[in-house]
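Participant: The sequence and its predicted three-dimensional model are supplied below.
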Amino acid sequence: MFEHSIKVPRHFKISANIVKKVATEGGSVKNLLYDSKLRFFRTNVIYALITETIKHSGDVDKLFEATGILTKEPRLDPWLAKVIATELIFGKKELPGRSKPEETILSYKELFEKVPLPPVEVKSEGNFLFIYFRYKNLLPAATMAESTEKGPLIPRHTQQAAYALAILFLYSIAMFTLPFVAFFGVRHILSEYYPVDTFMRTVWSVVSAVVVVNSIIFLYAYKAYHEKEYDEHVRRPRYVRINTNLLTTSDAIGAFQDEGYKFIRCTSGSYDDYLKQIQGLTEYDFTQDYHVKTMFVFHPNTKFHDYDLYLENKLILQDKATALPVHLLAPPQGSVILDMCAAPGMKTTQLAAYIRNQGKIYAVERNEQRYETLCDFVNKTESKCVTTMHRDSLDIKKGECDDAEYIILDPSCSGSGMQLSIHNYVEDVRLARLTSLQEKFLKHAMNSFPKAKKIVYSTCSLFPQENERVISNVVKSSRAKWKVLNVKELLKGNWNNFGSGMYGEMGTRCLYSKPDSDLTTGFFLAVLERDPKQEKPEDGTDKETSNVKKEKKKRPVEEDSVAVEAASAELNDEEVLKDRKKKKRSKEECNVQRLSNDNTIKNKKHKEADSETNDNVEENKFDNEESKKSKKKKKKDRENDLAEEINFVPDNNVDDSIEEQKKKKKRKNKENEVEERNKSKDVNTNLENDLAEEISFIPDNNVEDSIVEKKKKKKRKNKENEVEERNESIDVNTNGDSCEPVKKKKKRNKE
Ligand SMILES: C[S@@+](CC[C@H](N)C(=O)[O-])C[C@H]1O[C@@H](n2cnc3c(N)ncnc32)[C@H](O)[C@@H]1O
């Protein structure tokens, strides 16, 4: 072979080598192909090319002889020439590249066409059995490979119809023969070997015939039931994303063309036109995705698992739908991004490629094993701007990822969109737990990152409960103001499936990607943007952010995480859960210990209070009653809050968890009260913060009413505390013992 500046397509070279081996050394094409240890990914295409070359070998020899090409072109490798000529004359009738051997063969095309050859055997498309076997891949690959420029030899729908008819035909033959065989067979056996009377003989014969009929019907129904899954599976194209940190898209296109693929442009029209076009892609074609320009689309049968570029992590096998969140998040280079549920890292690495490693990505994953996979994938793809964090995202505290501007939230979900069967079933309880956790995640994303301006929430579920409902519930009740962007507008009208209006207009602004119409896995996504109007009040201070800050100051994230744990328990990762449960238990034990200490202090107080004057006792009573009332009210508020958080959970188990959460909250309350009493300084500031915190929890609708009510409550509490504070401050000033019983202090004051 001589050297050429433009590379000969690899599939030609491999085919030529194998044809040469078969002709000179003998052996099976299949064995040679699989033994060759070459990492090509189009085995079926190469196999077809080889068998075609062998089949037409005699004709090609005649062409070469008649034109004298091999003597006129001494540098042309005869085996490669054979393969290329076969493709040009008997195959696709065109050549993909412009390498020297291809150019040479092309220059002989006219001469070849003048050479008389015996007529080519024509296969009838109408031949029923041919179509059947063709569809079932039972014909030799050479025959299978027949694909013209116009597309496959037999259109897909014709293949399917033929297959269905053939199956029906076979079943009907079985129905009309096998029951008779059963009937007469059984009758014969009984009359010959078992002496029973005529009636019983007839009964057994009929029964056996009926059993056979029913078995055939059952088999037919069973096959039809599984047919749908198979069908949906084969229709989805193969999507490949280019890791643009390691390979440019133009180099990728070049590499595909080198392999003999033909680039088809499908993106100039509407999205619907594109969808039609990609359904017609043959095994020889590829095209660019309509939306994600670093993604390419191939025929569903295309295999990449042995392909060099895939093994070098320059190509990532990723479904188109799962690439949409990054496409719609669209962070500019240099931005800071948080991926809250990162493993195995598809979106993380896509993000790194999207921003060309210019910026910072926090990739958080809770599960240890999956975290390792994430780290491995991040390293292999050279996603250098990624900082991996083995953490629970819900535990991320202030100061850790405060600079995050863009958030990808792709939490655990039922995965209903990934399953091919339409008979998806997820238990109500599991669904309720998932949605509860998904809401927690979204709330956390919206409220805990002061610089966050855009969030993309996504799931691979087709259940609205995990999708539109989560968005609508959380956005409506959010204390940070976010709006749901209209995905249809973002995609300039080029999309067809959206969320339902069942959960308000917000739902219709979200996107669904569906296997049957978008030719992807089932997927959902919503794009949220912080509403700048709600952000900057007239004085220029960032109201929302400051609310969040205040809230964070008062309420450590730890508290959140405890509440969340109840909801997130039962989800994956047993070990992590065990660990969390342990932590929870020790926290509770700690709380109990602190409470018991607190109680002894209280008991002490009561004992001392007994010895006080009547006035003081009365005052004390009043104080206690007031504080009891306010406690009751507080408790009720908290219960309401809690009920709101898990309001749709319809199950006994979940009721238990509500009880548990209530108890936990109660315990925490008591603890907080003790702490509050201990704080002698900054009481007013803290109260302000408390107020801000509580106000910020109130759902939008009743905000004003509840604020007034809460303010009143707080005023009452303020007065109550002021009395305490005054007494305490004297004490603190004198001996710093803030834990001294109030009554004792009051008494000393009077003195
Ligand atoms: C749907 S997968 C994410 C897929 C990923 N975004 C991708 O594109 O490759 C959800 C992941 O979130 C992780 N996860 C669940 N709860 C988490 C939590 N509280 N904090 C961090 N990661 C969590 C799960 O272990 C799982 O790996």
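Facilitator: Yep, it's here. Residues are numbered from 1 along each chain as shown.
Participant: next SSE after the host helix or strand of M446?
Facilitator: Per DSSP states H and E, M446 falls inside helix 428-447. Sequence-wise, the next helix or strand beyond helix 428-447 is strand 454-459, with elements assigned using DSSP H and E.
Participant: so what strands line up beside that next one?
Facilitator: Each strand paired with strand 454-459, and its direction, by DSSP bridges: strand 406-409 (parallel), strand 523-530 (antiparallel).
Participant: Between helix 428-447 and the last one, find me the angle.
Facilitator: In terms of direction (axes from the mean of the first three to the mean of the last three CA atoms, to 10 degrees), strand 523-530 departs from helix 428-447 by 30 degrees.
Participant: Just the CA trace of strand 523-530, in PDB.
Facilitator: Provided in PDB are the C-alpha atoms of strand 523-530 (Å, rounded to 0.1, in the frame of the first residue of the first chain):
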ATOM      1  CA  PHE A 523     -37.200  12.900  31.000                       C
ATOM      2  CA  PHE A 524     -38.400  16.100  32.700                       C
ATOM      3  CA  LEU A 525     -36.800  19.400  33.300                       C
ATOM      4  CA  ALA A 526     -37.700  22.900  34.600                       C
ATOM      5  CA  VAL A 527     -35.600  26.000  34.400                       C
ATOM      6  CA  LEU A 528     -35.800  28.400  37.400                       C
ATOM      7  CA  GLU A 529     -34.400  31.900  37.500                       C
ATOM      8  CA  ARG A 530     -34.200  34.200  40.500                       C
END
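Participant: name the helices or strands packed onto the helix holding M446?
Facilitator: Using 3 or more CB pairs under 8 Å, 6 or more residues apart in numbering; DSSP states H and E as the contact definition, the elements that helix 428-447 packs against are strand 406-409, strand 454-459, helix 468-477, helix 557-568, helix 652-678. Every C-beta, even on glycine, is put in place using the N, C-alpha and C of the backbone.
Participant: among the ones you listed, where is the model least confident on average?
Facilitator: Averaging pLDDT over each of the helices and strands packed on helix 428-447 singles out helix 557-568 as the lowest, with a mean of 30.
Participant: list the contacts for the residue of the stretch 401-550 of the chain found nearest the ligand?
Facilitator: Here the stretch 401-550 of the chain gets closest to the ligand at one residue, D410, 3.6 Å apart by CB to the nearest ligand atom. Residues near D410 by CB atoms under 8 Å, 6 or more residues apart in numbering: 325, 339-341, 347, 457-459.
Participant: now, which of the residues you listed sits nearest L485?
Facilitator: Taking CB to CB as the measure, Y457 is the one of those closest to L485, at 11.5 Å.
Participant: Near the ligand, list only the ones from the contacts of D410.
Facilitator: Among the contacts of D410, the residues lying close to the ligand (CB under 6 Å from any ligand atom) are 341, 347.
Participant: Select from the contacts of D410 the one having the most neighbours.
Facilitator: D339 (33 neighbours; other CB atoms under 10 Å).
Participant: wait, doesn't that one sit right on K360?
Facilitator: No - contact between D339 and K360 fails when scored by CB atoms under 8 Å: they sit 11.3 Å apart.
Participant: isn't there a strand covering E400?
Facilitator: No - the assignment for E400 (DSSP: H, G, I helix; E, B strand; the rest coil) gives coil, which keeps it out of a strand.
Participant: That one and K276: what is the separation?
Facilitator: 48 Å (CB to CB, to the nearest Å).
Participant: Helix, strand or coil: sort out the residue of the chain found nearest the ligand for me.
Facilitator: Of all residues in the chain, C341 sits closest to the ligand, with a separation of 3.0 Å (CB to the nearest ligand atom). With three-state DSSP as the basis, the three-state label of C341 is coil.
Participant: where's the nearest residue to A352 once chain neighbours are set aside, which helix or strand?
Facilitator: Counting by CB to CB, 6 or more residues apart in numbering, the nearest residue to A352 once its immediate chain neighbours are dropped is S383, at 3.4 Å. S383 belongs to no helix or strand when elements are defined using DSSP H and E.
Participant: What of I46?
Facilitator: Per DSSP H and E: I46 is located in helix 43-55.
Participant: got the CA coordinates for that helix in PDB?
Facilitator: Extracted C-alpha coordinates of helix 43-55, given in PDB (Å, rounded to 0.1, in the frame of the first residue of the first chain):
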ATOM      1  CA  THR A  43     -18.600  -4.800  12.800                       C
ATOM      2  CA  ASN A  44     -21.800  -5.300  10.900                       C
ATOM      3  CA  VAL A  45     -20.900  -2.800   8.200                       C
ATOM      4  CA  ILE A  46     -17.400  -4.300   7.800                       C
ATOM      5  CA  TYR A  47     -18.800  -7.800   7.700                       C
ATOM      6  CA  ALA A  48     -21.200  -6.900   5.000                       C
ATOM      7  CA  LEU A  49     -18.500  -5.100   3.000                       C
ATOM      8  CA  ILE A  50     -16.200  -8.200   3.200                       C
ATOM      9  CA  THR A  51     -18.900 -10.700   2.200                       C
ATOM     10  CA  GLU A  52     -20.000  -8.400  -0.700                       C
ATOM     11  CA  THR A  53     -16.400  -8.200  -1.900                       C
ATOM     12  CA  ILE A  54     -16.100 -12.000  -1.800                       C
ATOM     13  CA  LYS A  55     -19.500 -12.400  -3.500                       C
END
